[in-house]
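Asks: 3D, please:
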Amino acid sequence: MKKQCPKCAAEGRDTTGNGLHVYKDGTGYCFKCKTNFPKGVEVKPVSTLTVSQVETYPYGNGKDRKIPDLICSQYGVRHSVDTSTGDPDAVYYPFYVGKKIVGYKVRRLPKDFRPSVGKIGESLFGRNLASSDKFLFLTEGEEDCLAAATMLNGKRIDVMSVPNGASMCKAISDEADLFAQYERVYLHFDSDKAGEAAMSEIADFLAPITEVRTVITELDASDLHVSGQKGVFLKAIKEAQQYEPEGIVNGVDIMLEDLLVPLPEGYTVPFPGLQEKLHGVRKGEILTVCAGSGVGKSTLVREMVLGLIEQGLSVANIALEDRMEDAAKHLIAMDMQIPFHSFKFKAHKKEDVQPHYDKCVGNGNTFFYKHFAGITADSLMNKLYYYARSKAVDFIVLDHLSMVISATDTQNERKAIDTLMTNLAKMVVETGVGLIQIVHLRRTSGDKSFAKGGEVELTDLRGSAALEQLSWTVIGLERDQQGDDRDFSICRVLKNRVYGFTGIADYLKYEATTGRMHSVELPSLDDEGELDDAIMDT
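Replies: Numbering: from 1, shown residues only. This is a model prediction of the structure:
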């Protein structure tokens, strides 16, 4: 197989495109430049021209771009000439370090970019022309820069371009001091998705530094200039709107009528004390439940799930420690008022179970997740968005978040939790779904033992402060697993962003004969140390 030799092409030779012979084993040899090419190695073309050679070329551009030689001279743009036709055949755009040209970006006409001459770094095209003028006009490419400078000729405004097309780059981030000297920066990028995204990202960076205005036109500056639409270009600049970062809203745009709409009560939870403090659970929020291992947090959450189902809401159960079938059996057993092990290990008549199955599992509004191994954070987010959007569920229950982090390839648990919690918070706000998640507590030593009923605090949440900061509500459960009152637990509100009420909400009892958890009357005690005796008297 024959193809053009990249080395020859870089030096302006092998115009027939058949100098390089590629053999069956993938290696190649060019009979023109006598170069061997190893298998699978792409040879990056290197220009044989030097900066000093290009500096002997005349100032100018391709005829079709209609850029005056004066503008080309200001920007140092030069062109070479096809000796057979006398027409420009390549354009050279200079790049500077300070006031010294260090290289040229090369475009062989009409739009074939070639290996650069010298060194092309990350710098703004036209940066060397920065003046004391008040305004800066920033474009997406060199040709747009030259066209804009031509149409703005005579006006006190600097015109520059990003070096690598539509992208936020080092040339922008390293020039904060430059941008700060201007009272206003205009951004004019292509109207495609890449251009709009880059303009938004650059505007976000510049907005804290100086006033930013975005110029919107259907055509880029070069096409407007070539087609004689200078008037359209100047009008777009005049009408350019000041950029405001996404999410910033002027108070006058907030309607009083919207502020007068009362917050609806949340959906009822089956524990009176908790209901009184939280006023229910709401969609569009994250409720975090935490406790020591084996204390009963999953049982507490299942009671909430059953309550939501009874209120006609749709729920997706992501139970990562249980088989999908066991997650379904838990709900059925609770509704039948029997412990889980009695349902799982004993035979039951179909007609006895059917009503409870129809209510809790087969109602068309309850969803489960069948998993085969650990689920990564990215995979989890895809699943949750699917439930929230495609299935339009009201609440998602995640039991538990720590399983996701353990399945994610990370050496930094805290950072992984930070990222996941940020994405979860973003999801509930975007979709309006409610999230009830279970998380573990950090291991303790000394006198504080969660297995023996140690008091839970926000600082006990495992791994990351994001669990506390990004949750709307945090509930802790405390139980002495080995004490005489091991069937009793304290439900404590640790964070309540909406209503603010925190502290002990409920005293709960687990009934081994029914597998259910319910509230018991709160004792009126000044000393919580007397709790054990008071509970045992109930």
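
Asks: Please count neighbours and contacts with C-alpha atoms only from this point.
Replies: OK.

Asks: which secondary structure element contains the most centrally placed residue in the chain?
Replies: For the chain, the residue whose C-alpha lies nearest the mean C-alpha position (C-alpha atoms, centre = their mean) is N423; its distance is 7.1 Å. Using DSSP states H and E, N423 sits within helix 413-431.

Asks: Going by neighbour count, list what's buried in that helix.
Replies: Buried residues in helix 413-431, counting neighbours by 16 or more other C-alpha atoms under 10 Å, are found at 413-414, 416-418, 420-422, 424-425, 427-428, 431.

Asks: where are the low-confidence patches of the protein?
Replies: Scanning the chain for pLDDT under 70 picks out 1, 8-17, 40-46, 165-167, 372-374, 405-411, 443-448, 463-464, 522-538.

Asks: hmm, back to that, show me what the following helix or strand past the helix holding N423 pairs with in its sheet, parallel or antiparallel.
Replies: Counting by DSSP H and E, the element after helix 413-431 in chain order, helix or strand, is strand 434-440. According to DSSP bridges, strand 434-440 forms sheet pairs with strand 286-291 (parallel), strand 395-399 (parallel).

Asks: In TSV: those, plus mean neighbour count and distance to L260.
Replies: Shown next, in TSV, are the strands paired with strand 434-440 (neighbours: other C-alpha atoms under 10 Å; distance: least, C-alpha to C-alpha, whole Å):
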stretch	mean neighbour count	distance to L260
strand 286-291	26	24
strand 395-399	24	26
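
Asks: Just tell me which of those strands ends up closest to A180.
Replies: Comparison of the strands paired with strand 434-440 against A180 by C-alpha to C-alpha identifies strand 286-291 as nearest, at 40.7 Å.

Asks: Output that closest one as PDB - backbone C-alpha positions only.
Replies: What follows is strand 286-291, C-alpha atoms only, in PDB (Å, rounded to 0.1, in the frame of the first residue of the first chain):
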ATOM      1  CA  ILE A 286     -32.100  14.000  50.900                       C
ATOM      2  CA  LEU A 287     -33.000  12.300  54.100                       C
ATOM      3  CA  THR A 288     -29.900  10.500  55.700                       C
ATOM      4  CA  VAL A 289     -30.400   7.800  58.300                       C
ATOM      5  CA  CYS A 290     -27.300   6.700  60.300                       C
ATOM      6  CA  ALA A 291     -26.600   4.300  63.100                       C
END
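
Asks: and that strand with helix 413-431, angle?
Replies: On the basis of axes from the mean of the first three to the mean of the last three C-alpha atoms, to 10 degrees, strand 286-291 is oriented at 140 degrees to helix 413-431.

Asks: can the strands paired with strand 434-440 go into TSV with extra columns for distance to V106?
Replies: Formatted as TSV, the strands paired with strand 434-440 follow (distance: least, C-alpha to C-alpha, whole Å):
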stretch	distance to V106
strand 286-291	54
strand 395-399	56
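
Asks: Go through those and name the closest to K235.
Replies: That would be strand 286-291 among the strands paired with strand 434-440, by C-alpha to C-alpha, at 48.0 Å.

Asks: Contacts for the closest one next, please.
Replies: 281, 297, 301, 425, 428, 434-441, 450, 456, 461, 467, 470-478 (C-alpha atoms under 8 Å, 6 or more residues apart in numbering).

Asks: Next secondary structure element downstream of it?
Replies: As assigned by DSSP H and E, the chain's next helix or strand after strand 286-291 is helix 297-310.

Asks: got a list of contacts for that following helix?
Replies: 267-270, 289-291, 314-315, 331, 335, 359-360, 366, 399, 436, 438, 477, 516-517.

Asks: same deal with stretch 206-224?
Replies: Taking C-alpha under 8 Å, 6+ apart as the rule, stretch 206-224 contacts 65, 143-148, 176, 179-180, 182-191, 199, 203, 230, 232-233, 236-237, 239-245.

Asks: Over to stretch 100-113?
Replies: 51, 62, 88-96, 114-120.

Asks: Which entries within those meet the buried criterion?
Replies: Those of the contacts of stretch 100-113 that meet the buried threshold are 51, 62, 88-96, 114-118, 120, by 16+ other C-alpha under 10 Å.

Asks: Filter the contacts of stretch 206-224 down to just the ones in helices.
Replies: 143-148, 176, 179-180, 199, 203, 230, 232-233, 236-237 (DSSP state H).

Asks: So which of those is the closest to K277?
Replies: Proximity of the ones in helices among the contacts of stretch 206-224 to K277 (C-alpha to C-alpha) peaks at A203, which lies at 43.8 Å.

Asks: quick one, what contacts that closest one?
Replies: L187, V212, Y243, P245.

Asks: Can you name the two of those that sit furthest apart?
Replies: Farthest pair in these (C-alpha to C-alpha) is L187 and P245. Separation: 14.2 Å.

Asks: how long is stretch 65-76 end to end?
Replies: One end of stretch 65-76 to the other measures 16 Å (C-alpha to C-alpha, to the nearest Å).

Asks: Please identify the buried residues of that stretch?
Replies: Quick answer for stretch 65-76 (16+ other C-alpha under 10 Å): R65, K66, I67, D69, I71, C72, Y75, G76.

Asks: Show me what that stretch is in contact with.
Replies: Here stretch 65-76 makes contact (C-alpha under 8 Å, 6+ apart) with 59-61, 78, 93-94, 126, 129, 143, 146-147, 149-150, 222, 225-226.

Asks: same deal with stretch 482-489?
Replies: 451-452, 477-481, 507-511, 532, 535-536.

Asks: ok, residues contacting stretch 340-355?
Replies: By C-alpha under 8 Å, 6+ apart, stretch 340-355 touches K329, H330, I332, A333, M334, M336, G515.

Asks: ok, now with 10 Å
Replies: When contacts are defined by C-alpha atoms under 10 Å, 6 or more residues apart in numbering, stretch 340-355 is touched by residues 325-326, 329-336, 357, 361-362, 512-516.

Asks: what about Q311, how many neighbours?
Replies: As a burial measure, Q311 scores 11 neighbours (other C-alpha atoms under 10 Å).

Asks: List the residues that contact it.
Replies: Q311 neighbours (C-alpha under 10 Å, 6+ apart): Y267, T268, V305.

Asks: and it, backbone torsions?
Replies: Main-chain dihedrals, Q311, degrees, to the nearest 10: phi -90, psi 10.
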